[in-house]
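Novice: I would like the atomic coordinates for the input below:
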Amino acid sequence: MEMPTVKRDWTVADIHALPDDGMRYEVIDGELFVTPAPAFRHQEAVAKLYVILAEYLQHERVGHAFFAPADVVFSARRGVQPDVFVMPLVGGRRPEHFDDAKRLLLAAEILSPSTARADRVAKRTLYRDEKVPAYWIIDLDARAVERSTPDESRPEILVDQLDWLPDGASEPLVVDLPAYFRAVLDE
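Specialist: Have a look, this model is predicted:
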């Protein structure tokens with residue numbers, strides 16, 4: 001006779017009660033996702049993307065860029081820590097907490113073997129459900145960006161150029177992807 005499998009329905013409050021052990025804990029629709037501290041290459045990709053976004057947002061004052069670890073809590077059963085994300089300004093100023101803005105303009109994840117399922121399936125569904133206008137998965141091995149929007153069921157694969165025009169911006173951000181990947185990969 002087999003033992004029944006007990007599936008726990010996790011909440012954001014549950015993950016906040018876990019020990020601070022260097023792991024990243026996220027919950028999506030009650031499922032717990034645990035990932036180890038990222039590798040240096042991953043962190044370099046995060047840093048370079050953050051700088052690109054922060055510089056753009058200094059000129060196009062529509063949002064503010066942040067990077068993990070930082071909690072984005074959509075509901076009691078949906079709390080994530082995107083690698084890089086942009087929240088809209090609140091009263092012309094950067095938000096202090098997710099509850100100040102209650103939405104994202106952009107979420108970006110740097111793909112790694114330990115996060116591929118969460119990034120490509122669970123998080124893509126989450127961001128689509130939450131109407132996040134742009135979700136980018138940056139695949140360093142493929143040197144490509146998978147761009148998703150709430151209106152498209154399949155991601156668009158970009159290898160040459162990544163454009164982003166958030167609501168309220170007058171000029172788009174244009175990222176030269178081969179140059180970005182060369183800088184991240186130190187080539």
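Novice: now do the phi/psi pair for the nearest residue to Glu156 once chain neighbours are set aside.
Specialist: Of all residues beyond its chain neighbours, the one nearest Glu156 is Arg147 (4.7 Å), with distances taken as C-beta to C-beta, 6 or more residues apart in numbering. (Glycine included, C-beta is placed from N, CA and C.) Per-residue torsions, Arg147: phi -100, psi 130 (degrees, to the nearest 10).
Novice: I'd guessed Arg147 sits against Val159; true?
Specialist: No. Applying C-beta atoms under 8 Å, one finds Arg147 not in contact with Val159, separated by 11.3 Å.
Novice: who's in contact with the residue nearest to Glu156?
Specialist: By C-beta atoms under 8 Å, 6 or more residues apart in numbering, Arg147 lies in contact with Ala134, Tyr135, Trp136, Pro155, Glu156, Ile157, Leu158, Leu162.
Novice: in those, find the pair that's most separated.
Specialist: Greatest spacing in the contacts of Arg147, by C-beta to C-beta: Ala134 and Ile157 (14.7 Å).
Novice: so which of those two has more stuff around it?
Specialist: Ala134 (19 against 12; other C-beta atoms under 10 Å).
Novice: what's across from the residue nearest to the more buried one when sequence neighbours are not counted in the sheet?
Specialist: Spatial nearest neighbour of Ala134, excluding adjacent residues (C-beta to C-beta, 6+ apart): Leu106 at 4.5 Å. On the basis of DSSP bridges, Leu106 is bridged to Val86.
Novice: what sits against Leu106?
Specialist: Leu106 neighbours (C-beta under 8 Å, 6+ apart): Leu53, Gly63, Val84, Phe85, Val86, Val132, Pro133, Ala134, Tyr135, Trp136, Trp164, Pro166.
Novice: try Val90
Specialist: Here Val90 is in contact with Asp100, Ala101 (C-beta under 8 Å, 6+ apart).
Novice: before we move on, the earlier item: what's the closest of the contacts of Leu106 to Asp14?
Specialist: Closest to Asp14, out of all of the contacts of Leu106 and judged by C-beta to C-beta, is Phe85, at 22.3 Å.
Novice: and the closest one, how far is that from Glu109?
Specialist: 9 Å (C-beta to C-beta, to the nearest Å).
Novice: now Pro36
Specialist: 15 Å.
Novice: now stretch 160-174: mean pLDDT?
Specialist: Mean per-residue pLDDT for stretch 160-174: 97.
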